[in-house]
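Chemist: what's the 3D shape of this:
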Amino acid sequence: PAPSAEELKTLKEQTWEEVRTSIYRGVLVIAWQPMTQAQHDQGIGAFEWGLLVGYDEQQKTYTVRHPRDKTEYTVLFGGFGYTDPVNWYHVIVPVEPEPADLQQVAIQSLKHAVAFAHGDRYDMADICYPTDALGFADCELWLDTFQTENVDPHFASAHAGALSMLRRHAADYLREIIDHVHDDANQALHAAITFYEKELHVLDQLTEICQRAATHSGFTASLLQEVTGSLQAALEADRKAIKDIEAA
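Modeler: Next comes the predicted model:
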């Protein structure tokens, strides 16, 4: 349940103390949409997560650094939490890290990737963001949609861009963890990275085809043939990457 006005006031005062302590010891703090409604109306676009990097004790303001704004700005310590539909006030103050077995963390992450690809990572009935398919089934559904429905090329381009971003993260993550896994797994992970790089190349082509379709006000027969071919190639590369991850 949402906190009462008095509870929220107390929470923000507590946050002020925690944030100051954290920044003083050199650890920046993460905040959800750290902007007031007035700042939002004036054009500051601090959507999603931003960093609290400093504070002013006299003014009781935080200094905010956000990827959507090129310059730092200040926000009143209790003035944000009102710029999204659910008025979510959320601040994350990192604590000292606990010791972790990096190899086991990497192995668990790879297992999660395999489970997601096969649609076993989440219970579809309880998933946070309702969807019709997960993993490989998601791409198969998308491919079927191209072949059976009139797809909006603008949406298709956005989806291709989002998928490209996620696969780039996947390849980067594999590069990060290679040094933390057993030597026998290195070859398989390098192969998976190669397949993700191939998929990224295909997804760039897919995005370009969708953009061409937008200029034609839709997918012509030839463009539809190109886009389905690219998506099939992306799905094949994705399957091979997951197969190598599973082997690793």
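Chemist: Now do the helices in this structure.
Modeler: For the chain, applying DSSP state H gives helices covering 5-24, 37-41, 102-117, 136-148, 153-177, 183-215, 221-247.
Chemist: so which of these comes closest to Thr61?
Modeler: Taking CB to CB, helix 5-24 is the member of the helices of the chain nearest to Thr61, at 10.1 Å. Glycine gets a C-beta too; all of them are placed from N, C-alpha and C.
Chemist: centroid residue for the chain?
Modeler: Centroid-nearest residue in the chain, with CA atoms, centre = their mean: Leu166, separated by 7.2 Å.
Chemist: which residues does that one contact?
Modeler: Going by CB atoms under 8 Å, 6 or more residues apart in numbering, Leu166 touches no other residue.
Chemist: what residues are up against the nearest residue to Leu102 once chain neighbours are set aside?
Modeler: Among residues not flanking Leu102 along the chain, His180 sits closest, at 4.2 Å (CB to CB, 6 or more residues apart in numbering). Listed by CB under 8 Å, 6+ apart, the contact partners of His180 are Leu102, Gln103, Val105, Ala106.
Chemist: Go again with 7 Å.
Modeler: Residues in contact with His180 (CB atoms under 7 Å, 6 or more residues apart in numbering) are Leu102, Gln103, Ala106.
Chemist: Over to Pro3?
Modeler: Going by CB under 7 Å, 6+ apart, the list of residues near Pro3 reads Leu11.
Chemist: and the gap between it and Gly79?
Modeler: Using CB to CB, to the nearest Å, we find Pro3 at a distance of 16 Å from Gly79.
Chemist: Could you do Ile193 as well?
Modeler: Ile193 is 44 Å from Gly79, by CB to CB.
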